[in-house]
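S.K.: attaching a predicted model along with its sequence, questions to come.
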Amino acid sequence: QVQLVESGGGLVQAGGSLRLSCAASGRTVSMAPLAWFRQAPGKEREFVARIDWRGGSASYADSVKGRFTISRDNAKPTVYLQMNSLEPKDTAIYYCAAQVYNSGTYYFQNNYDYWGQGTQVTVSS
């Protein structure tokens, strides 16, 4: 069984930075691609970033490219999301997800097997 626990959310002013962490447990998680999704009020959950199990390949949504960086430490194992130049439109609940069994397209939330409980990020203008 895989468990994912996010932390690091909070309130920040526009232009500021936050670093989210997702602590993962479970025997298979270090071999699984991990991703971040987010859900803003009144909107559907959307893909933010994804990293392969080696940490050598990352993909990003166009809306965060150049501002967000995903990374992972398989020794812990933990996945991180460094968010810079934050904008009010980044306000959302951020979720960590693991693609343990499913090998479908990485930006579809239905292709992820395990989810964390989410952490709130609020960016004020």
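M.R.: Looks like it came in fine. Numbers count the residues shown, from 1 in each chain.
S.K.: next, count neighbours for the residue nearest to residue 119 when sequence neighbours are not counted.
M.R.: Closest residue to residue 119 apart from its sequence neighbours, by C-beta to C-beta, 6 or more residues apart in numbering: residue 9 at 3.4 Å. No exception for glycine: its C-beta is placed from N, CA and C like everyone else's. Using other C-beta atoms under 10 Å, residue 9 has 18 neighbouring residues.
S.K.: residue 9 touches residue 21, doesn't it?
M.R.: No. Counting by C-beta atoms under 8 Å, no contact exists between residue 9 and residue 21, whose distance comes to 9.8 Å.
S.K.: the residue at minimal distance from the centre of the chain bridge partners, please.
M.R.: With the centre of the chain defined as its mean C-alpha position, the nearest residue by C-alpha atoms, centre = their mean is residue 36, 1.9 Å away. Note on residue 36: beta-bridge partners residue 49, residue 96, judged by DSSP bridges.
S.K.: and it, what does it touch?
M.R.: 20, 22, 48-50, 70, 79, 81, 94-97 (C-beta atoms under 8 Å, 6 or more residues apart in numbering).
S.K.: gap between it and residue 125?
M.R.: 23 Å (C-beta to C-beta, to the nearest Å).
S.K.: ok, now residue 51?
M.R.: On the measure of C-beta to C-beta, residue 51 and residue 125 end up 30 Å apart.
S.K.: out of those two, which sits in the busier spot?
M.R.: A direct count of neighbours by other C-beta under 10 Å for residue 51 and residue 125 places residue 51 higher, at 23 against 9.
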